[in-house]
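[1] Generate coordinates for the sequence data below:
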Amino acid sequence: MAIIDFYEKPGCIGNAKQKKILQDAGHILNVHNLLTEPWTSATLRPFFTDRPVAEWFNPTAPPITRGEICLHNIDADAALTAMVAQPILIRRPLLQVGDRRIAGFDLAMLDRWIGLAEGSDLSQDAQTCPHKL
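    Reported below is the predicted structural model:
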């Protein structure tokens with residue numbers, strides 16, 4: 001059992017599904033509103049580890065889908081500045097257990113890291129926004 005800081009967009013169907021998966025595995029969630037958290041570049045950067053900058057973003061965020069931000073031409077500093085100004089751009093959820101932080105919801109990785117419920121379907125898509133299917 002882990003105590004997880006879970007940063008979500010309130011009302012997001014995908015985040016609700018993700019929280020249920022974690023709670024079904026016995027984890028305790030401290031839920032935070034990702035959109036109102038007082039982010040800085042320094043507090044946000046550790047969630048993205050060594051992922052490519054384009055993967056730091058929520059691909060369904062309106063500024064992305066409208067083409068206002070080109071994910072292939074943005075560097076880390078510009079990405080963080082944009083996400084601090086517009087948190088809707090941040091890939092969700094952000095998770096923190098102790099000192100380790102991640103962005104996104106890769107079931108296989110989460111199972112290895114903190115463990116999921118016995119018999120969990122690790123092949124299901126728990127990351128894609130259901131509104132975009």
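[2] For residue 7, what is the enclosing helix or strand?
    Applying DSSP states H and E as the criterion places residue 7 in strand 3-8.
[3] if we look at that strand, which residues are touching it?
    With CB atoms under 8 Å, 6 or more residues apart in numbering as the test, strand 3-8 has contacts from 15, 18-19, 22, 27-34, 37, 90, 92-97, 114. To be clear about C-beta, it is placed using only N, CA and C from the backbone, and glycine gets the same treatment.
[4] try 6 Å
    Contact with strand 3-8 is made by 15, 27-32, 34, 93-97, as judged by CB atoms under 6 Å, 6 or more residues apart in numbering.
[5] Where does the prediction get shaky in the protein?
    Applying pLDDT under 70 to the chain flags the ranges 117, 119-133.
[6] so where do the helices sit in it?
    For the chain, applying DSSP state H gives helices covering 13-24, 41-44, 62-65, 76-85, 107-113.
[7] buried set for the fourth one?
    Counting neighbours by 16 or more other CB atoms under 10 Å, one finds that the buried residues in helix 76-85 are 79-80, 82-84.
[8] Make CSV out of those residues and add distance to residue 103.
    Listed next are the buried residues of helix 76-85 as CSV, based on distance: CB to CB, whole Å:
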residue, distance to residue 103
79, 12
80, 12
82, 15
83, 10
84, 15
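[9] Tell me the one of these nearest residue 45?
    Using CB to CB, residue 80 is the member of those that lies nearest residue 45, at 6.1 Å.
[10] Contact partners for that closest one?
    Counting by CB under 6 Å, 6+ apart, residue 80 makes contact with 41, 44.
[11] that older thread, can you tell me the strand partners of the strand holding residue 7 and which way each runs?
    Paired neighbours of strand 3-8 in the sheet (DSSP bridges): strand 28-33 (parallel), strand 94-97 (antiparallel).
[12] And the ones you listed: which comes nearest residue 52?
    That would be strand 94-97 among the strands paired with strand 3-8, by CB to CB, at 17.0 Å.
[13] Enumerate the positions of that closest one that are buried.
    If you call a residue buried by 16+ other CB under 10 Å, then strand 94-97 has these buried ones: 94-96.
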